[in-house]
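S.K.: just a sequence and a predicted model for now, questions to come.
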Protein chains: 2
Amino acid sequence: MTQKTITAAVLVIGDEILSGRTKDKNIGFIADYLTEIGIDLREVRVVPDEMDDIVDALNALRKRYTYVFTTGGIGPTHDDITADAVSQALGIPLYEDQRIIDLMLQRLKPEDMNEARRRMARIPVGAEHVENKISRVPGFMIENVIVMAGVPSIMQSMMDAVAPRLQTGARMIIETLESVGLPEGIYAKGLGEVAAEFPGVSIGSYPSFGEGRFKNSIVVRGKDATQVNAAVAAVNALLERLRAETAQA
Amino acid sequence: MTQKTITAAVLVIGDEILSGRTKDKNIGFIADYLTEIGIDLREVRVVPDEMDDIVDALNALRKRYTYVFTTGGIGPTHDDITADAVSQALGIPLYEDQRIIDLMLQRLKPEDMNEARRRMARIPVGAEHVENKISRVPGFMIENVIVMAGVPSIMQSMMDAVAPRLQTGARMIIETLESVGLPEGIYAKGLGEVAAEFPGVSIGSYPSFGEGRFKNSIVVRGKDATQVNAAVAAVNALLERLRAETAQA
């Protein structure tokens, strides 16, 4: 009955995210996508376009999680060093893949092929292509590392291409009680008790603030439907009891 | 003339970001804020609400960077364990700060103060408050770790409170050449040569994709205005030469 848990990390590569110039849109997309297909995203890191930082992060993450998804740094310019960093981290040399050159030549005149563009055809020996329908030049997967573009539409197309090849586990069942109408400080103790009662389920309380007041949502997550449903029922019972007490007071 | 470089990392704490439920808005805000005041954001990590993950990340980051900013996990519920994690990482015990209880009592009836709400007054011995104007309950700063809320408006108010106390370095000067009108593959080689010529300056090329085509921007960043301006001039000269060549071809 127990399904293997499949885990992942995302490594966002790019000075532009750290300087604030570009607001990342990829983390949220990949988080939703992986949750949907039954892969648990456990960690995200954002690092600059620096070889040592990328290599260190790759090595920490690829040993710890089933998959590591990288975004960014696979274009033709000098700051695109992701392929080199993957090569260094895994100890696998790069080669120029003629199939990628051919793909590029479908859209480029032969005289426009140059040294910089050829860099985009360099992938580690043994890597599989991760196709995209937008710009055609693929990302790649080598061992448990999936290298994708930073441009959101291209990254999204690459996710679609690689997803069917990935191991997946049980999907997370997520039940959200929106706007429960009580302050966190009122239900915190009871909610902690419910959480302790259902150790196989994760229960979170998420305040948001708008129009001058807090709105709290409670999220119950787990992979066993029976347990999730039982925990949701326990949370609902707690909230009903507290609402009655609050109304009386 | 050389000013000290002040660095920072952001540690986002929360299952809700990793599951995709909540789309992070804090990383981009903090990135902009720190760039503006002369602190270099060098790394971001997102970890779940798990003690070991938070402690490990805190210890890795606080030793490496001038400051670590955390967001999330400081409410009254069982999944709010950031203060405990900071205590464990730094080896400094928590205490219940009466000044925070008093702040909370400005908005709560004494009979509504409870054990869960008191948890929000627990901060490490020696920590300074990081005030916020929204919900009043402060975050805190201890050693080089700044603990802030996850709710964006509260986090933003806390950044305003803590910023004047931080060491800052030379501000990064950022010059952006928007939509340069040439493909990356055309200017990549020349841009790499300009980048090599100006080692004190960082030059990035950022494609974006929309309406069926790529738009490329080039960003020149550095702390020495003379060098930045010289690099921008060199990039502009390169682009003009390439535009002329492309027009002739």
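M.R.: Ah, there it is.

S.K.: can you pull the domain assignment for chain A?
M.R.: Domain segmentation of chain A under automatic domain parsing yields A:7-165, A:173-248.

S.K.: mean confidence score for the last one?
M.R.: What it means is domain A:173-248. For domain A:173-248, the mean pLDDT works out to 92.

S.K.: any residue of that domain up close to chain B?
M.R.: Yes. Under the criterion of C-beta under 8 Å from any C-beta of the partner chain, chain B is reached by domain A:173-248 at A:174, A:176, A:184-189, A:191-192, A:195-196, A:202-210, A:214, A:219, A:221. Every C-beta, even on glycine, is put in place using the N, C-alpha and C of the backbone.

S.K.: give me the element the nearest residue in space to A:Gly181 that is not next to it in sequence is part of.
M.R.: Residue nearest to A:Gly181 in three dimensions, not counting chain neighbours: A:Arg243, with 7.1 Å by C-beta to C-beta, 6 or more residues apart in numbering or on different chains. For A:Arg243, the host element (DSSP states H and E) is helix A:225-248.

S.K.: and that helix, what does it pack onto?
M.R.: strand A:173-177, helix A:184-197, strand A:213-222 (3 or more C-beta pairs under 8 Å, 6 or more residues apart in numbering or on different chains; DSSP states H and E).

S.K.: list the buried residues in stretch A:127-146.
M.R.: A:127, A:129-130, A:132, A:134-135, A:137-142, A:144-146 (16 or more other C-beta atoms under 10 Å in any protein chain shown).

S.K.: can you check stretch A:148-168 too?
M.R.: Here stretch A:148-168 shows A:148-159, A:161-163, A:166, A:168 as buried, counting by 16+ other C-beta under 10 Å.

S.K.: ends of it, what's the gap?
M.R.: Using C-alpha to C-alpha, to the nearest Å, the end-to-end distance of stretch A:148-168 comes out at 19 Å.

S.K.: just how off-centre is it within its chain?
M.R.: 11 Å (C-alpha atoms, centre = their mean, to the nearest Å).

S.K.: contacts for that stretch next, please.
M.R.: For stretch A:148-168, the external contacting residues (C-beta atoms under 8 Å, 6 or more residues apart in numbering or on different chains) are A:4, A:6, A:12-14, A:25-26, A:29-30, A:33, A:37-39, A:66-67, A:69-75, A:128, A:130-135, A:138-139, A:141, A:146, B:207-210.

S.K.: what does stretch A:96-115 give?
M.R.: Residues contacting stretch A:96-115 (C-beta under 8 Å, 6+ apart): A:117-118, A:120-123, A:129, A:136-138, B:185-186, B:188-189.

S.K.: buried subset of those?
M.R.: Here, 16+ other C-beta under 10 Å leaves A:Arg117, A:Met120, A:Ala121, A:Arg122, A:Ile123, A:His129, A:Val137, A:Pro138, B:Gly185, B:Ile186, B:Ala188, B:Lys189 buried among these.

S.K.: between these, which sits nearest A:Ile81?
M.R.: Taking C-beta to C-beta as the measure, A:Arg122 is the one of the buried ones among the contacts of stretch A:96-115 closest to A:Ile81, at 10.8 Å.

S.K.: with adjacent residues omitted, what lies nearest to that closest one?
M.R.: Nearest one to A:Arg122, counting by C-beta to C-beta, 6+ apart, is A:Leu94 at 4.4 Å.

S.K.: related to what we said a few turns ago, and of the contacts of stretch A:96-115, the nearest to B:Leu58?
M.R.: A:Ile123 (35.9 Å).

S.K.: strands of chain A, start to end?
M.R.: A:7-13, A:40-47, A:67-71, A:94-96, A:122-124, A:128-130, A:139-142, A:145-148, A:173-177, A:202-210, A:213-222 (DSSP state E).

S.K.: please identify the most buried of these.
M.R.: Ranked by mean neighbour count, the strands of chain A are led by strand A:67-71 with a mean of 28 (mean count of other C-beta atoms under 10 Å in any protein chain shown).
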